[in-house]
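>>> Here is my input, please return the structure:
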Amino acid sequence: MRLSCLAIALLSVLAAQAQQKTAAARLQDLNFVATQIPRLDPNFFVRLDPAQFQQAVDNLQAGVSSLSDAEFYVGLAQLLAMSRDAHTSLTLNDDAAATFGFLPYSLAFRWLDDGVFVTAAAAPYSQALGARLVAVGGVPIDQVVQSLATMISYENDQWLHHMVEEYLAGQQVLEGLHIVPVASSSAMTFQTLAGGQFTLQVAPLLWLPMSAVPSTAEGPVPDYLQSQGTNYVSSYSPANRLLYVKYNVCQNIGGYPFASFAADLLRTLDANPVATLVLDLRGNGGGNNSVIQPLFDGLAQRLPALLSDPNFRFYVAIDKRTASAANDAAMKAKLLSDRVLLIGEPTGEPPAMDGNAVSFVLPGSRLTGQYSTQFFPPPAGFPDGPLVAPDIPVSVRSTDYFARFDPVMAAILARFSGAPAAPSGNVITVNGASFRSDQGMAPGSIASAFGTFSPVPDQVLVAGVAAQIVAANASQVNFIVPDSVAPGSVTVSVRAAGQELAAGEATLTATGPGIFVSQPGDPAQPGAVENQDNSLNGSLNPATKGSVVQIYATGYGPGSSQVQVFFADTPAQVMYSGLVGPGLWQINAQVPDGASGQVPVSIIAGNIASNAVTVWVQ
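Numbers count the residues shown, from 1 in each chain. Below you'll find the model as predicted:
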């Protein structure tokens, strides 16, 4: 069918009118951002040169008719991000954005200590579960983050990393930043823990369900990942004498306001022996900062009596997603007493912050956003800075997350006081089981030294004392730390034929528990754990409840006979603990009755928690 000249002319007129309407809507939105937001946000130009902002507005206006929707509205987000105020932003990942055309991939990402990992995926992309994202559209992830940073409103890198998790799943955002071309799908490259790489063509699939890892259907997940659909929840562990409070959103629940929740919680505190109180603010992006006050009022009355017990501890768990009113709650909790300890990773906002955000709807596109209306100085007595830092830093790695392990809770249970100095130099020496640089190594334990060695080493000296080499190649030497070397900072010298190849500094600690992993390339970290019949534990060969498993570890030292074993957060009865070979530590523990499925197992000795491995229990 051929169109007549008149029909072609009419279609051209209609297309021109649509383009003019689009341009008019964009100009409405641009005008709102350029003129109204600076008027409504009294601190918009505190960190921003008005002339620089106006130049960026003029540049975007010049492309109002030629840019794609993705380019224009990402540009609009970039204008607001120039204020460097996390409470003033355009939202391109909510329902309004999806309705407008900013569609998400069926993937979820989490920024962990060792990279950005896929934690949920639709069935077509299940291969990516547990894998690290290394490139998007062929662009290395570091460069992708730099581009995303231009359109994300943030005040420190912690909040930037959190928001990168969100916007990596937005195809049109990536198109607007020219990271990926305009297409029905985008190439994402992933790397497994074993080191293999693969690329998937990922498309927005709005209606496909996603599977998450770790899954509650297969075993327990840490408390901080549970009950995320409710504003607040608490639990009491008699075995650990631990009262746990998870505060997810600083808002009241209809029919059960926080004041009522706090009253119930304080009654539990009064009625039970509590050696450890945990207020978990991880993942809490804020809300109303007055909601939590009834809890703080009640705790202020009780803390003198609680703190009279020298063994009592009050921890506040924080992370990069702790922001706004939750950031304020962390600081106020800290000011209750100098014995309140912040633990985890730094928060997503500084102590001094803009807030009291008000929502807006753009007049042309109906996209949503928010702007701050008030500046809040840090609480009296709290130092200012780029973030609220933990007293006890504890990071979460991918091998923790996918092994269902919460290293923050493990550190709390261990009464951990903080990591020793990290290894340094041309040779990095770490625990030979966990490979964690934030753990020390015990005298007599198995250690691993990493570097570039040529020729292959034949000697390792620790504080000048020769160590027994277990295995060596051009990049790694496994050895037994000499028993005679005292805990503290030591020099590690790697040698061949009497010549030093590399040297570094490491820290020895009285104990240094680390559990060996049977399959290091598996994100779930199956453990070097044998069932009661001496067979290797695994998904096809689970342990039975009440049976005794044999856990193989290293890091035995003075006091290790008092080792504790945990299946998730449940303590297990230890039947035996001792050395069974050079550096090799065996712990026999009875599987608790409540254990089921894929369960994280960790050990604590000398106030130090190990890494976790998973075992299967039926």
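
>>> can we go C-alpha only for contacts and neighbour counts from here?
Will do.

>>> Tell me if I'm right that residue 508 and residue 483 touch.
No. Look at residue 508 against residue 483 with C-alpha atoms under 8 Å: they stay out of range, at 10.8 Å.

>>> Pick out whichever of the two has more residues nearby.
The residue with more neighbours, out of residue 508 and residue 483, is residue 508; 23 against 15, by other C-alpha atoms under 10 Å.

>>> For the more buried one, give its distance to residue 432.
For residue 508, the distance to residue 432 equals 13 Å [C-alpha to C-alpha, to the nearest Å].

>>> What segments of the stretch 401-550 of the chain are strands?
For the stretch 401-550 of the chain, the strands defined by DSSP state E, counting those that start in this stretch cover 424-425, 428-431, 446-450, 459-462, 465-466, 468-472, 476-480, 488-496, 499-508, 514-515, 529-530, 548-554.

>>> okay, the ones you listed, which one's buried deepest?
Mean neighbours per residue, mean count of other C-alpha atoms under 10 Å, is largest over the strands of the stretch 401-550 of the chain for strand 514-515, with a mean of 30.

>>> Low-confidence stretches in the stretch 351-500 of the chain?
Counting by pLDDT under 70, the stretch 351-500 of the chain contains no low-confidence segment.

>>> can you give me the helices for it?
Counting by DSSP state H, counting those that start in this stretch, the stretch 351-500 of the chain has helices at residues 398-401, 407-414.

>>> do you know which of those lies nearest residue 465?
Across the helices of the stretch 351-500 of the chain, residue 465 has its closest neighbour in helix 407-414 (31.1 Å, C-alpha to C-alpha).

>>> other SSEs contacting the closest one?
strand 608-609 (3 or more C-alpha pairs under 8 Å, 6 or more residues apart in numbering; DSSP states H and E).

>>> and the strand it packs on, what does it pack onto?
Looks like strand 608-609 contacts helix 407-414 (3+ C-alpha pairs under 8 Å, 6+ apart).

>>> centre of the chain versus the helix it packs on, how much separation?
15 Å (C-alpha atoms, centre = their mean, to the nearest Å).

>>> Then stretch 196-208?
Centroid separation for stretch 196-208 versus its chain: 22 Å, with C-alpha atoms, centre = their mean.

>>> try stretch 372-390
Remark: stretch 372-390 is offset 22 Å from the chain centroid, using C-alpha atoms, centre = their mean.

>>> Regarding it, how distant is the last residue from the first?
Using C-alpha to C-alpha, the end-to-end distance of stretch 372-390 comes out at 26 Å.

>>> Just the buried residues of that stretch, please?
Neighbour-count burial for stretch 372-390 flags 372, 373, 378, 386, 387, 388, 389, 390 (criterion: 16 or more other C-alpha atoms under 10 Å).

>>> Repeat that for stretch 515-526.
Quick answer for stretch 515-526 (16+ other C-alpha under 10 Å): 515, 516, 517, 518, 520, 522, 523, 524, 525, 526.

>>> Touching, the first one and residue 610? I think so.
Yes. Using C-alpha under 8 Å, residue 515 makes contact with residue 610 at a distance of 6.7 Å.

>>> which residues are common contacts for the two?
In terms of C-alpha atoms under 8 Å, 6 or more residues apart in numbering, residue 515 and residue 610 are both contacted by the residues 434, 602, 603.

>>> Contacts only, for the first one.
In other words, residue 434. Counting by C-alpha under 8 Å, 6+ apart, residue 434 has contacts 514, 515, 516, 517, 610, 611.

>>> neighbouring contacts of stretch 263-282?
Contact with stretch 263-282 is made by 224, 234, 236, 238, 240-248, 294-295, 298-299, 311-322, 326, 330, as judged by C-alpha under 8 Å, 6+ apart.

>>> So which of these sit within helices?
Mapping the contacts of stretch 263-282 onto helices (DSSP state H) picks out 294, 295, 298, 299, 326, 330.

>>> What subset of those residues is buried?
294, 295, 299, 326, 330.

>>> Next, give me the two most distant ones among those residues.
Of all pairs in these, the most separated under C-alpha to C-alpha is 299 and 326 at 17.1 Å.

>>> quick revisit: wait, which of the shared contacts of residue 515 and residue 610 is closest to residue 405?
For those, the nearest to residue 405 is residue 602 (8.4 Å; C-alpha to C-alpha).

>>> isn't the closest one right up against residue 569?
No. Counting by C-alpha under 8 Å, residue 602 stays clear of residue 569, with 9.1 Å between them.
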